[in-house]
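>>> sequence first, predicted model second:
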Amino acid sequence: MLNLDKLRWIDDNIDEYQGILVRAENNAYAHRMHLLSNSLKVTEEITPRISSVIKKVLQHLSLLDIELECYVNNDSDMNASCFSLGNDVNLIIIISSGLVNTMTQDELAFVIGHEIGHYFFGHLDYAEVKREKNALLDMKLSRIYQSHEISADRIGLICSGSLESSLRAIVKTVSGLNDEFITHNLHTYLHQIQSLNYDDLAHAYYTHPIFPIRAKALTLFSMSEVYYLWTGKDKQAPLTEDSLIARIRKDLESTTMKNLKEESKHIVEKFQLWFYVKSFIDNNELEQDEILFLEKNFGVDTTKKALRLAKENTSSVTKKYEEFRNQVHHLPLQYKSLMVNDMKNALDSMLESHNVQRYFKNLTKSILG
Ligand SMILES: [Zn+2]
């Protein structure tokens, strides 16, 4: 069997199984029954062209013993998805009629290869942890999903055998257009990435795949050592493995997620501010040394704003505190330890008996375990 795992894109900024994804339970059998009743199962007799694409793809990947079923549903949108039934049928792929009607065989090979990629890399085995809304987790999740798409696209490219067909499949998926309207100058689509800005991407879109990033990551991959090696090209590839990783990471960080370190700094700072404010005002009038402490650590303006909010509405301080505590909870342990250390040093100037010391002790326990 081929070692497809070498093609996987790993985002080492994120540990996806740490409180973000869990093993999925699924009702795959019911889903399959639904497909059998409401869509068309691909067979050699009824849909030979689709059938032959699938056969070619499986042959190409040396996955001949995989039990795969493919269904076409009546949907003018362009979409494809897949799930696994476990031992009985390894993989079920669903493609929309809109997609089949618009794509050439090579483009379809990309789409089917992409779905097999999700299966092969184990993406189907996991589901999101049920959780409250949390900006940091949204970002991490987004980055996980981007990584999954980037990995799956590589299998798609291997199956279609052509970068152009792969990019066409992506462009057709986002636009719904067919060949009549699309030129061969697809590289300009990659420029769309330059106008994407992390700060303006609404939180709601974090978890959606960002197509220009995928297209660019795939194009870079097609220029890399790994791909050249895989396809047996004996020329020198323009991109070493290290530069491939650096280029993709740069795009991801400018769009889906700022550097985790920077983001953590922001969260830690906000958390500390609200922790102190909350501890200082709990059952107490704010004292002069507490105000000075805040000003020294967060500046005069930030302190003023925070205290104004505290004066207007105590419960909003609690809300802020809880919001950032949830985010801190999901930071890597090393960041949390650093934060606790910093706070310990900052609190050294406060009296041993001060309320905040007691709060801090409890906090240390709950954060570091
Ligand atoms: Zn996908």
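That came through, no problem.
>>> name the element the residue found closest to Glu107 once you drop the neighbours it is linked to in the chain belongs to?
Closest residue in space to Glu107, ignoring its immediate chain neighbours: Ala169 at 4.0 Å, by Cβ to Cβ, 6 or more residues apart in numbering. For glycine as for every other residue, the C-beta is placed from the backbone atoms N, C-alpha and C. According to DSSP states H and E, Ala169 maps onto helix 163-175.
>>> in that helix, what's buried?
163, 165-173 (16 or more other Cβ atoms under 10 Å).
>>> so Thr47 makes contact with Ser39?
No. Thr47 is beyond contact range of Ser39, at 11.6 Å (criterion: Cβ atoms under 8 Å).
>>> what's the overlap in contacts for those two?
Val72 (Cβ atoms under 8 Å, 6 or more residues apart in numbering).
>>> sorry, back to before: could I get the helix holding Ala169 in CSV with only the CA atoms?
Extracted C-alpha coordinates of helix 163-175, given in CSV (Å, rounded to 0.1, in the frame of the first residue of the first chain):
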residue,chain,number,x,y,z
LEU,A,163,-3.2,20.9,-10.9
GLU,A,164,-5.4,22.7,-13.4
SER,A,165,-8.3,20.2,-13.1
SER,A,166,-8.0,20.4,-9.3
LEU,A,167,-8.1,24.1,-9.3
ARG,A,168,-11.0,24.1,-11.8
ALA,A,169,-12.9,21.8,-9.5
ILE,A,170,-12.4,24.2,-6.6
VAL,A,171,-13.3,27.3,-8.7
LYS,A,172,-16.4,25.5,-10.0
THR,A,173,-17.4,24.5,-6.5
VAL,A,174,-17.3,28.0,-5.2
SER,A,175,-18.8,29.7,-8.2
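>>> next secondary structure after it?
For helix 163-175, the succeeding helix or strand toward the C-terminus, using DSSP H and E, is helix 211-222.
>>> wait, does that next one contact the ion?
No. Contact of helix 211-222 with the ion (Cβ under 5 Å from the ion) is absent, the minimum separation being 8.8 Å.
>>> how big is the angle separating that helix from helix 163-175?
170 degrees (axes from the mean of the first three to the mean of the last three Cα atoms, to 10 degrees).
>>> what values do phi and psi take at Phe275?
phi -60, psi -50 (degrees, to the nearest 10).
>>> so it touches Ser366, yeah?
No. Phe275 lies out of contact with Ser366 (Cβ under 8 Å); the separation is 11.6 Å.
>>> neighbour count winner among those two?
The residue with more neighbours, out of Phe275 and Ser366, is Phe275; 21 against 10, by other Cβ atoms under 10 Å.
>>> residues touching the more buried one, list them.
321, 325, 343, 359, 363.
>>> please enumerate the strands of the stretch 251-369 of the chain.
Assigned strands in the stretch 251-369 of the chain: none (criterion: DSSP state E, counting those that start in this stretch).
>>> low-confidence ranges, it, go.
Applying pLDDT under 70 to the stretch 251-369 of the chain flags residues 255-261.
>>> how close does Leu218 sit to Leu292?
55 Å (Cβ to Cβ, to the nearest Å).
>>> what residues does this structure have near the ion?
Going by Cβ under 5 Å from the ion, the residues of the chain near the ion are 149, 152.
>>> quick check: longest helix in the chain by residues?
helix 135-160 (DSSP state H).
>>> next, the buried residues of that one.
Quick answer for helix 135-160 (16+ other Cβ under 10 Å): 136-160.
>>> pLDDT weak spots in the stretch 101-250 of the chain?
Ranges of the stretch 101-250 of the chain meeting pLDDT under 70: 131-135, 193-194, 196-209.
>>> mind giving me the domain ranges of the chain?
As assigned by automatic domain parsing, the chain contains the domains 4-258, 261-368.
>>> pick the most buried one from those domains.
Looking across those with neighbours counted as mean count of other Cβ atoms under 10 Å, the highest average goes to domain 4-258: a mean of 17.
>>> thinking again about what came up before, any idea how far the residue nearest to Glu107 is from Cys159?
Distance from Ala169 to Cys159, by Cβ to Cβ: 11 Å.
>>> before we move on, which element is Tyr100 in?
Actually, residue 100 is Val rather than Tyr. helix 97-102.
>>> ugh, wrong one, I meant Val22
Under the assignment here (DSSP H and E), Val22 is part of strand 21-23.
>>> tell me which other helices or strands the following helix or strand past that strand touches.
Next helix or strand after strand 21-23 toward the C-terminus (DSSP H and E): helix 28-38. Helices and strands touching helix 28-38, by 3 or more Cβ pairs under 8 Å, 6 or more residues apart in numbering; DSSP states H and E, are strand 68-73, strand 91-96.
>>> redo those as CSV? Include mean pLDDT.
Shown next, in CSV, are these (pLDDT from 0 to 100):
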stretch, mean pLDDT
strand 68-73, 96
strand 91-96, 96
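>>> next up, the contacts around Val72.
Listed by Cβ under 8 Å, 6+ apart, the contact set of Val72 reads 39-40, 42, 47, 50, 94-97, 100.
>>> Arg154 versus that one, what's the distance?
25 Å.
>>> repeat for Gln236
Distance from Gln236 to Arg154, by Cβ to Cβ: 20 Å.
>>> do Ser160 as well
For Ser160 relative to Arg154 (Cβ to Cβ), the value is 11 Å.
>>> from Ser175, how far off is the residue in the stretch 1-150 of the chain that the ion sits nearest to?
When scored by Cβ to the ion, the stretch 1-150 of the chain has Glu149 as its residue closest to the ion, at 4.9 Å. Look at Glu149 and Ser175: by Cβ to Cβ, they are 17 Å apart.
>>> Pro332 now?
From Pro332 to Ser175 the distance is 39 Å (Cβ to Cβ).
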